[in-house]
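1. The sequence and its predicted three-dimensional model are supplied below.
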Amino acid sequence: MCLAPLQMEFGVSQVAMNLSAALRDEGLSVSLWSPHPLPAGLRWFRVVPYMRRALDSFIASHGPFDVIDAPAVVITPGVARAGTSIARSIQPEIRYQFAGWRRPSGPTGREVSRLAAHCAYALYVTACVLQGWARVDRILCLGSIEYEGMSRWCPWWRHKLCWYVNALGREDQAALAAVRGSRAQRAEPGRRFLWVGRTAGHKGFDRLVGYITNHVKAHPMDTFTIAGCGHGASALLPGELIAAGHVRVIPTYERRALPGLLGEHDVGLFTSGVEGWGLSLNEMLESGMPVYATRAGGVPDLEPHFRGMLRRFPPGPGERFAIGRASAELGAYYETFSWSAIARRYVGLLPTTRQEAG
């Protein structure tokens, strides 16, 4: 099951679609399903209850399934009874509920009521996730950070914990290999920085803006592009940064434009405080650019494959931003970070009698 629309523009959907295709290549029969489109007018606090009911209904009408793979938040008692169940993580759901909260700007009744509603919803989602973990046969964490955190904080579930990594699809990897192979030092002054993501609190957008503001004072020739951030991002940036040409905002872009976007930048930035994986890490690194990243998401799992290319954010004041060069082939990297390799490891988690996954 995928919680987002089945379109490659959504990171969650990329994972589900790539994994499903790779599992089919391994000989499994896979039904990939999403509850989208959601009913018109569905309020935000009714989305999770609706998805839970929708999954129960889908399994009842399209089953039986040997294996059911879904996020923990939608694992109901009925789902757990319907087959071997795998709670496959796509993001640290509980931490997301509380990450990036901001103190109300004023003690108005409306703001207090809104905060109370979000708090109640966060507690409801947290309860759903915990109950889902308790019901399933396997908990598949996304990345070693989440796996280690679950092992530490939930030791009673260690017997069913395992983890997987995230990867780009074959076509994307081939396109970025071409970008990587043609990347060269630029003669023009100034470095071109790229940050990709939404302005959600857990993405570290405030951290990014603070860094840019200080950086351009010392390096006025450098420029920053903020891409895929939505149409409201410009209002969250100091106007003088945009007016002076230090920052360019690209609210949305088509998937096919990604190689060009990566190719026209020199340095990647990743500022998340909490992250599921951060597929933009793979994209920037595979395109051959160094990335300065906070230790979140897939960073520790990618580091061994990009030594000297994946560095700590924020850069030090004396950082020269020398452009490195990733290996042209990345052979060892692809042996782990490809969907065929991920699918083989996934199949190893399943009993040999399993033939169909939902």
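-> Received the coordinates, thanks. Remember, it's a predicted structure, so these values are computed and weren't measured experimentally.

2. and residue 71, what does it touch?
-> 1, 3, 87-90, 93, 132 (CB atoms under 8 Å, 6 or more residues apart in numbering). From N, CA and C alone the C-beta is placed, and that goes for glycine too.

3. Report the two of the residues you listed separated the most.
-> Spatially, the most separated pair among those is 1 and 93, at 14.1 Å (CB to CB).

4. Just want to know which of those two has more residues nearby.
-> Neighbour count, other CB atoms under 10 Å: between residue 1 and residue 93, residue 1 has more, with 22 against 18.

5. What distance do you get for that one to residue 14?
-> Look at residue 1 and residue 14: by CB to CB, to the nearest Å, they are 15 Å apart.

6. Can you give me the pLDDT of residue 353?
-> At residue 353, the model reports a pLDDT of 42.

7. Ok, the one 5 residues further on next?
-> Residue 358 carries a pLDDT value of 65.

8. Now do the helices for the stretch 201-350 of the chain: every range, in order, please.
-> In the stretch 201-350 of the chain, the helices defined using DSSP state H, counting those that start in this stretch lie at 205-218, 239-243, 258-263, 279-286, 299-302, 331-336, 339-347.

9. What is the fourth one packed up against?
-> To tie it back to what came earlier, the one meant is helix 279-286. helix 170-182, strand 192-196, helix 258-263, strand 267-270, strand 291-293, helix 299-302 (3 or more CB pairs under 8 Å, 6 or more residues apart in numbering; DSSP states H and E).

10. For the shortest one, which strands pair with it and how are they oriented?
-> Using DSSP bridges, the strands paired with strand 291-293 are strand 267-270 (parallel), strand 310-312 (parallel).

11. contacts for that strand?
-> Contacts of strand 291-293 (CB under 8 Å, 6+ apart): 267-271, 278, 281, 284-285, 299, 306, 309-315.

12. Just the buried subset of the residues you listed, please.
-> Those of those that meet the buried threshold are 267-271, 278, 281, 284-285, 299, 306, 309-311, 313-315, by 16 or more other CB atoms under 10 Å.

13. what about the stretch 51-200 of the chain, any weak spots by pLDDT?
-> 100-107, 187 (pLDDT under 70).

14. now the residue nearest to residue 291 when sequence neighbours are not counted: how far from residue 28?
-> For residue 291, ignoring the flanking residues on the chain, the nearest one in space by CB to CB, 6 or more residues apart in numbering is residue 268 at 3.8 Å. For residue 268, the distance to residue 28 equals 35 Å [CB to CB].

15. How about residue 37?
-> Residue 37 is 27 Å from residue 28, by CB to CB.

16. ok, those two, which is more surrounded?
-> Remark: of residue 37 and residue 28, residue 28 carries more neighbours, 19 against 8, as counted by other CB under 10 Å.

17. how near is that one to residue 270?
-> Counting by CB to CB - residue 28 and residue 270 are separated by 33 Å.

18. related to what we said a few turns ago, for the helices of the stretch 201-350 of the chain, which one ends up most surrounded?
-> helix 279-286 (a mean of 25; mean count of other CB atoms under 10 Å).

19. what's that helix in contact with?
-> So helix 279-286 is contacted by 11, 14, 166-168, 172-173, 176-177, 180, 194, 196-197, 258, 262, 268, 270, 291, 293, 297-299, 302, 306, 309-310, 326, 330, 337 (CB under 8 Å, 6+ apart).

20. quick revisit: could you dump the strands paired with strand 291-293 to CSV with mean pLDDT and distance to residue 227?
-> Shown next, in CSV, are these (pLDDT from 0 to 100; distance: least, CB to CB, whole Å):
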stretch, mean pLDDT, distance to residue 227
strand 267-270, 97, 11
strand 310-312, 94, 20
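
21. so which of these gets nearest residue 136?
-> Closest approach to residue 136 among the strands paired with strand 291-293 (CB to CB): strand 267-270, 30.4 Å.

22. Other residues contacting the closest one?
-> Strand 267-270 has contacts (CB under 8 Å, 6+ apart) with 191-196, 208, 211, 224, 278, 280-281, 284-285, 289-294, 296-297, 299, 313, 321, 323.

23. Equivalent analysis for stretch 197-216, please.
-> The contact list for stretch 197-216 (CB under 8 Å, 6+ apart) reads 95-96, 99-102, 195, 222, 224, 226, 228-230, 232-233, 236-238, 241, 244, 246-247, 269, 271-275, 278, 280, 294, 313-314.

24. Restrict it to CA atoms and write it as PDB.
-> Coordinates of each C-alpha in stretch 197-216 appear next as PDB, following Å, rounded to 0.1, in the frame of the first residue of the first chain:
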ATOM      1  CA  GLY A 197      12.600  20.000  -0.500                       C
ATOM      2  CA  ARG A 198       9.400  21.300   1.100                       C
ATOM      3  CA  THR A 199       9.400  24.100   3.700                       C
ATOM      4  CA  ALA A 200       8.000  21.800   6.400                       C
ATOM      5  CA  GLY A 201       9.600  22.300   9.800                       C
ATOM      6  CA  HIS A 202      11.500  18.900   9.900                       C
ATOM      7  CA  LYS A 203      13.200  19.800   6.600                       C
ATOM      8  CA  GLY A 204      15.300  22.400   8.400                       C
ATOM      9  CA  PHE A 205      14.200  25.300   6.200                       C
ATOM     10  CA  ASP A 206      14.900  27.900   8.900                       C
ATOM     11  CA  ARG A 207      18.300  26.400   9.300                       C
ATOM     12  CA  LEU A 208      18.900  26.800   5.600                       C
ATOM     13  CA  VAL A 209      17.800  30.400   5.500                       C
ATOM     14  CA  GLY A 210      20.100  31.300   8.400                       C
ATOM     15  CA  TYR A 211      23.000  29.700   6.700                       C
ATOM     16  CA  ILE A 212      22.400  31.500   3.400                       C
ATOM     17  CA  THR A 213      22.000  34.800   5.100                       C
ATOM     18  CA  ASN A 214      25.400  34.500   6.800                       C
ATOM     19  CA  HIS A 215      27.100  32.900   3.800                       C
ATOM     20  CA  VAL A 216      26.400  35.500   1.200                       C
END
